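Asks: Give me coordinates for this.
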Amino acid sequence: MKRLALRSALLLALAIAPAQAQVHVQIELGLPVAPPLVVIQPGVQVVEGFDDEVFFHGGWYWCRRHDGWYRARSPRARFGWVEERRVPRLLVEVPRGHYRNWHHDRDLRHTERRDERRREEWREERRDDRRELRREDRREERHDDRERDRERERRRDH
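Replies: Here you go, the predicted model:
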């Protein structure tokens, strides 16, 4: 009788206990076994030429979609949904959509354009410096010419 009462109480306690719902949303991306990765900042790589934004950081593949973040240990595994508070800050701060269909040569073109702008700025600075030096030289020459003229005038007057 005591056993029956104990079992009944246990079953009743389990039935009354609040159920904890756990959501396990998973997606499959269809990445290749070894997807091409491009370093976009120290410690963060992006899968090159893929429709979704897929990053590799800290031993995990991370995918950002409109409904949140997903991660997996390997590119062929199912990606499980992750609360945003658990996503590394480095990844959350990456501009949304910037690395969709990313190609390494796009990054190179950006770098080349930036470097060319810097070279052009440097050339402009050098041109400006040379112009300023020429102006200073002309001022000094005019000053020297005036001094010589004054000296001649003084000699003539004496």
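Asks: now the helices for the protein?
Replies: When secondary structure is read from DSSP state H, the chain shows helices at 2-16, 89-92, 104-157.
Asks: List the buried residues in stretch 96-105.
Replies: Within stretch 96-105, the residues scored as buried using 16 or more other C-beta atoms under 10 Å are 99, 102. For every residue, glycine as well, the C-beta is placed using N, CA and C.
Asks: Stretch 46-54 too?
Replies: Residues of stretch 46-54 classed as buried: 46, 47, 48, 50, 52, 53, 54 (neighbour count, 16+ other C-beta under 10 Å).
Asks: and the last one, what are its bridge partners?
Replies: So that's residue 54. Beta-bridge partners for residue 54, by DSSP bridges, are residue 63.
Asks: same deal with the first one?
Replies: Listed by DSSP bridges, the beta-bridge partners for residue 46 are residue 38, residue 55.
Asks: OK, contacts around it?
Replies: Applying C-beta atoms under 8 Å, 6 or more residues apart in numbering, we find residue 46 in contact with 37, 38, 40, 53, 54, 55, 56, 99, 102.
Asks: ok, those vs residue 79, which is closest?
Replies: Sorting those by distance to residue 79 puts residue 54 at the head of the list, at 8.8 Å, by C-beta to C-beta.
Asks: hang on, the earlier thing: nearest to residue 139 among the contacts of residue 46?
Replies: Closest to residue 139 out of the contacts of residue 46 is residue 40 (51.3 Å), distances taken as C-beta to C-beta.
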